[in-house]
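J.: Here is a sequence together with a model predicted from it:
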Protein chains: 4
Amino acid sequence: VRLLLSCPDRPGLVAAVAEFLASRRLNITDVDQHSTESGRFYMRMVFDSPVGGAKSLGAEFAGTVAAAYEMRFRLTDSSQPARVVAMASKPVHCLRELLWRFDTGDLPGELAGVVSNHPDHREEVERLGVAYSHVVVDPESKAEAEERILRLIEGAAADLVVLARYMQVLSADFLERVGCPVINIHHSFLPSFAGAEPYRQAQERGVKLIGATAHYVTEDLDAGPIIEQDTARVSHRDELAGLVRLGEEVERSVLVRAVRSHLEDRVIVDGNRTVVL
Amino acid sequence: VRLLLSCPDRPGLVAAVAEFLASRRLNITDVDQHSTESGRFYMRMVFDSPVGGAKSLGAEFAGTVAAAYEMRFRLTDSSQPARVVAMASKPVHCLRELLWRFDTGDLPGELAGVVSNHPDHREEVERLGVAYSHVVVDPESKAEAEERILRLIEGAAADLVVLARYMQVLSADFLERVGCPVINIHHSFLPSFAGAEPYRQAQERGVKLIGATAHYVTEDLDAGPIIEQDTARVSHRDELAGLVRLGEEVERSVLVRAVRSHLEDRVIVDGNRTVVL
Amino acid sequence: VRLLLSCPDRPGLVAAVAEFLASRRLNITDVDQHSTESGRFYMRMVFDSPVGGAKSLGAEFAGTVAAAYEMRFRLTDSSQPARVVAMASKPVHCLRELLWRFDTGDLPGELAGVVSNHPDHREEVERLGVAYSHVVVDPESKAEAEERILRLIEGAAADLVVLARYMQVLSADFLERVGCPVINIHHSFLPSFAGAEPYRQAQERGVKLIGATAHYVTEDLDAGPIIEQDTARVSHRDELAGLVRLGEEVERSVLVRAVRSHLEDRVIVDGNRTVVL
Amino acid sequence: VRLLLSCPDRPGLVAAVAEFLASRRLNITDVDQHSTESGRFYMRMVFDSPVGGAKSLGAEFAGTVAAAYEMRFRLTDSSQPARVVAMASKPVHCLRELLWRFDTGDLPGELAGVVSNHPDHREEVERLGVAYSHVVVDPESKAEAEERILRLIEGAAADLVVLARYMQVLSADFLERVGCPVINIHHSFLPSFAGAEPYRQAQERGVKLIGATAHYVTEDLDAGPIIEQDTARVSHRDELAGLVRLGEEVERSVLVRAVRSHLEDRVIVDGNRTVVL
């Protein structure tokens, strides 16, 4: 069981949680904790499964320790694999990386479905036993398309949606109703080159490194809390096609790391930033 | 002798230059060349010193090959060490790195003087036999201060000015009159976090890597052609002071690499980008 | 057409080659060249296709410039895609990366076949229209198995064999007869942890980075000329399984870069080292 | 106060320590903890200073929690700056980096003295108010020289000795008697290229990355527990001098990070490996 929490920093926080678990004879197997100069406390604890299940334990914790210390927390039963829906447009590299990683068990959780506004990836996805839904999105029918996607996500009982180079902007209404976190991979080192065609922007500015950024999606396009980033060196020899090729490798790697951190319950969002424990 | 040139791409460019040198019995020891998809050709050639000196060779080259192919070129006699003036404000890490690298001969060229708007670094600089000029810069007397700095740079016969964390904006007039390239180190991965306090901006945005950028200074603040960049990984454990500390290491390293590339005549500026051969 | 050559360093080498091409009205589009302190000269030139084809040009070059300067050279007609045979054992990540990259055209050349001592990857390989040959290798029948593999490689008219985590040692006889270069990916930062189970060795030694090395295969196991290497940071949190997972990403990336360099005719082997131009 | 401990993994460890501290009203400000698959538990805790001082607290802890759980632990009063003695031979880059970092307060602790078998660095060291001792070491007088160095280290009340490119092998007798940990920087990515002239070895092997390793010194030359490592990319353009220059930057950076981790009580040695919390 994984406990992820944040609260105002105060003396006795670690001891309070440790005692709560010790008194229930639950063994802590992992702790990571962080306090900021500005007085905020973050903690991730992993411990053995309780007899009564995570749910009743959560209720107890909420009524006692969490209430006393004004904690926001999430308790996850790690024996239940999280369900993930991936969304992708035409570029296939990020989707393929996810397919592979879930298929080999290298990413925890289960790929419950793929939604695309292109028909191209059907065979590759279905071959691995994953449902593929092709939803046409065009300006006139965008609202309808989003409706349909929301129903697909709901039907898949998704705990997480991953935009694996999905090139359509999701509406505020969609984000409000989706009911689970949405992770996006942006193909630049944000905040540089937000918006369209980041590799072209990078080439025009003449940067010496390109990057990729995985972040939670919020209404502010490309401005949500960053989970993971990385960069790769480019040179004048890499024309636009070279930047894209090098960038795709960074995108795949950054997206997988971000999804893993999320699925291992390591990411706490605080305002517009994340703490990855 | 080092020849650095750019021109419209055309058949026969390499052969034309190689024949020009071969007919004067000058041996080429290094070539690096690059052509872009947009039809621009760049080349760096290193070859033995001519009998009559680099100057007369340059004149001949200008009148023949360069004229025929519309080349812009620079011919540098590498036996003459370039003269460098460094400018720094209070933070000392970049200045210190330069002092050290020139002192040990690790950077080619000679540190001909240091100009600072702070008196603090005098002892450290003069101990190594380098002239230190403290020039007070305040809003009222900025024009006068720039006059004085221009005279110091002229007096030092500088081939290059390096802003090693010099925190004053130089006027357009200064840049027009300085008479040699000016390299600046900006403490962010440009174009992210241009302007003041980039580490604070980075912390507020919650980025997972910080960076530094060395670029030629133009009138557009923090927007000149980039020579070198690099990044370093940070985590939530690094509060502002941690970002600054990690960043300083990146700044030092990026600045030294950019200054070395410039002093080895590897950098061709083309519009707002550089080709580093 | 790509020309890759090495010879003793002497005045006039660049000019001699440039003139040879200019006199045939062949336009040079790329040059990279390197001379060592020990007096060896290496060059890669890319130029337009000659009328009579690369073959006759090669014969002319051999008889003139190459003979005069004691050059070893290779002339490749880049319009003919190279043919590659991949060999893999049970771990699939490197093979899969190659399959993708050739399938999308991201690697130049053609994947002409896959040979494996395991039956597992047949469906995945054949789905992409690539021939899959399962050749059982056991101690008693090793010689026969190698015979069969040699015939498969010959039948595929392979220009390159890539060992994409092929876990059987190839005999000296095999290497002598294979008739084309063989690239291997070793899952450590050689020369550290040569031999079996490098990740276990790395864990036992407590290194803080793990790596991967792509090299040409020679009779000396894990000691052939290195083409490409890279490392990734690990921590005490990464038990053996974590090292393997992180390492696999490095292996894929290093192998693709090495194969690309080879297929773009950038790699010159000199003794036990390579120059990658 | 910082508590660093290791013990066999068992239920209740975090709670036991947290309760010990909570019952003394000591607030925990930082926890990092790690359990291995092989059943070993490591923890670092930072907490407020006790009224009676760290010493008496340590005695209490030893008699209660530590005894009950078979813990090995170290309790450090972080308000007392650690005292460091640096040793260096002719190459100055690592020594200089340490001088800077202690001088600016960027490394915690105090540089209590420098010992060198060369006279060259005296002025630079003494200028910063640090004692410099030149101890000639030659084969005949090595035992005497080590005696003298041991007395200097003792006289400086050193908590840590740092070999900042000290090129003499220390005897087993010296290491036994020195009375504090000794950190060395080796100029290769160990275990590659142990022994003399690692950059030359690296050049001969034709590796594509060079590295540096900081480790605790044990009787086995270059085989002690590794604290930190890093690598940098090199190319065929970097002859031996280039490898050295690039390597020196990595050495400086790796050594500083290792010394910082040690001085912040983050490093637990376990057999021949370290856990850096």
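T.: That came through, no problem.
J.: Any idea how far apart the tips of stretch A:126-145 sit?
T.: Terminal residues of stretch A:126-145 lie 21 Å apart, using Cα to Cα, to the nearest Å.
J.: Tell me the buried residues in it?
T.: Buried residues in stretch A:126-145, counted by 16 or more other Cβ atoms under 10 Å in any protein chain shown: A:Val130, A:Tyr132, A:Ser133, A:Val135, A:Val137, A:Ala145. C-beta here means a position set from N, CA and C on the backbone, and glycine is covered the same way.
J.: Wondering if it reaches chain C at all.
T.: Yes - applying Cβ under 8 Å from any Cβ of the partner chain, one finds stretch A:126-145 in contact with chain C at A:Arg127.
J.: before we move on, what about stretch A:183-191?
T.: No - against chain C, stretch A:183-191 shows no contacts by Cβ under 8 Å from any Cβ, the least distance being 15.9 Å.
J.: From the chain's centroid, how far away is that stretch?
T.: Stretch A:183-191 has its C-alpha centroid displaced from the chain centroid by 12 Å (Cα atoms, centre = their mean, to the nearest Å).
J.: Mean confidence (pLDDT) on that stretch, please.
T.: Averaged over stretch A:183-191, pLDDT sits at 95.
J.: how about the CA coordinates for that stretch, as CSV?
T.: Extracted in CSV, the C-alpha atoms of stretch A:183-191 (Å, rounded to 0.1, in the frame of the first residue of the first chain):
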residue,chain,number,x,y,z
ILE,A,183,-0.4,13.3,-18.7
ASN,A,184,0.9,14.9,-21.9
ILE,A,185,4.3,14.8,-23.6
HIS,A,186,5.3,18.1,-25.2
HIS,A,187,8.1,18.0,-27.7
SER,A,188,10.2,20.8,-26.3
PHE,A,189,12.0,21.7,-23.1
LEU,A,190,9.2,23.8,-21.7
PRO,A,191,8.7,26.7,-21.1
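J.: so which helix or strand takes in A:Tyr199?
T.: Remark: A:Tyr199 resides in helix A:198-205, with elements defined by DSSP states H and E.
J.: Just the CA atoms of that helix, as PDB, please.
T.: Extracted in PDB, the C-alpha atoms of helix A:198-205 (Å, rounded to 0.1, in the frame of the first residue of the first chain):
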ATOM      1  CA  PRO A 198       8.500  23.200 -31.300                       C
ATOM      2  CA  TYR A 199      11.200  21.600 -33.400                       C
ATOM      3  CA  ARG A 200      10.900  24.200 -36.000                       C
ATOM      4  CA  GLN A 201      11.000  26.900 -33.400                       C
ATOM      5  CA  ALA A 202      14.100  25.300 -31.900                       C
ATOM      6  CA  GLN A 203      15.800  25.200 -35.200                       C
ATOM      7  CA  GLU A 204      15.000  28.900 -35.900                       C
ATOM      8  CA  ARG A 205      16.300  30.000 -32.500                       C
END
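J.: neighbours of the residue nearest to A:Thr218 when sequence neighbours are not counted, just the number please.
T.: Nearest residue to A:Thr218 in three dimensions, chain neighbours excluded: A:Gly224, at 3.9 Å (Cβ to Cβ, 6 or more residues apart in numbering or on different chains). The tally of other residues near A:Gly224 (other Cβ atoms under 10 Å in any protein chain shown) stands at 25.
J.: which ones are touching A:Gly224?
T.: A:Gly224 is in contact with A:Asn184, A:His215, A:Tyr216, A:Val217, A:Thr218, A:Asn272, counting by Cβ atoms under 8 Å, 6 or more residues apart in numbering or on different chains.
J.: Restricted to strands, list these.
T.: Under the assignment DSSP state E, the contacts of A:Gly224 contribute A:Asn184, A:His215, A:Tyr216 to strands.
J.: What's opposite the second one in the beta bridge?
T.: Read that as A:His215. Using DSSP bridges, the beta-bridge partners of A:His215 come out as A:Asn184, A:Ile226.
J.: and chain A, which residues reach chain C?
T.: Within chain A, the positions adjacent to chain C are A:Arg96, A:Trp100, A:Asp106, A:Arg127, A:Arg245, A:Glu249, A:Ser253 by Cβ under 8 Å from any Cβ.
J.: A:Val92 and A:His121 touch, don't they?
T.: Yes - A:Val92 is within contact range of A:His121, at 5.9 Å (criterion: Cβ atoms under 8 Å).
J.: quick one: buried residues of stretch A:174-190?
T.: By neighbour count on 16+ other Cβ under 10 Å, the buried set for stretch A:174-190 is A:Phe174, A:Val178, A:Pro181, A:Val182, A:Ile183, A:Asn184, A:Ile185, A:His186, A:His187, A:Ser188, A:Phe189, A:Leu190.
J.: contacts for stretch A:232-246?
T.: In this structure, residues lying in contact with stretch A:232-246 by Cβ under 8 Å, 6+ apart are A:199-200, A:202-203, A:207-211, A:247, A:249-250, B:34, B:36-37, B:42, B:273-277, C:106.
J.: on that earlier part again, closest to B:Asn117 out of the buried residues of stretch A:126-145?
T.: A:Val137 (56.7 Å; Cβ to Cβ).
J.: what's near enough to touch that closest one?
T.: A:Asn117, A:Ala145, A:Gln168.
J.: Dump the ones in strands among the contacts of A:Gly224 into a markdown table; add distance to C:Leu75 as well.
T.: A markdown table is the format used below for the ones in strands among the contacts of A:Gly224 (distance: Cβ to Cβ, whole Å):
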| residue | distance to C:Leu75 |
| --- | --- |
| A:Asn184 | 48 |
| A:His215 | 49 |
| A:Tyr216 | 54 |
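J.: List just the nearest of the residues you listed to chain B.
T.: Chain B lies nearest to A:His215 out of these, by Cβ to the nearest Cβ, at 9.2 Å.
J.: Spatially central residue in chain A, please.
T.: Taking Cα atoms, centre = their mean, the centroid of chain A lies closest to A:Ile183, which sits 4.1 Å from it.
J.: For the nearest residue to it once chain neighbours are set aside, identify the helix or strand it belongs to.
T.: Leaving aside its chain neighbours, A:Ile183 sits nearest to A:Val162 (5.1 Å; criterion: Cβ to Cβ, 6+ apart). Take DSSP H and E as the rule and A:Val162 turns out to sit in strand A:160-163.
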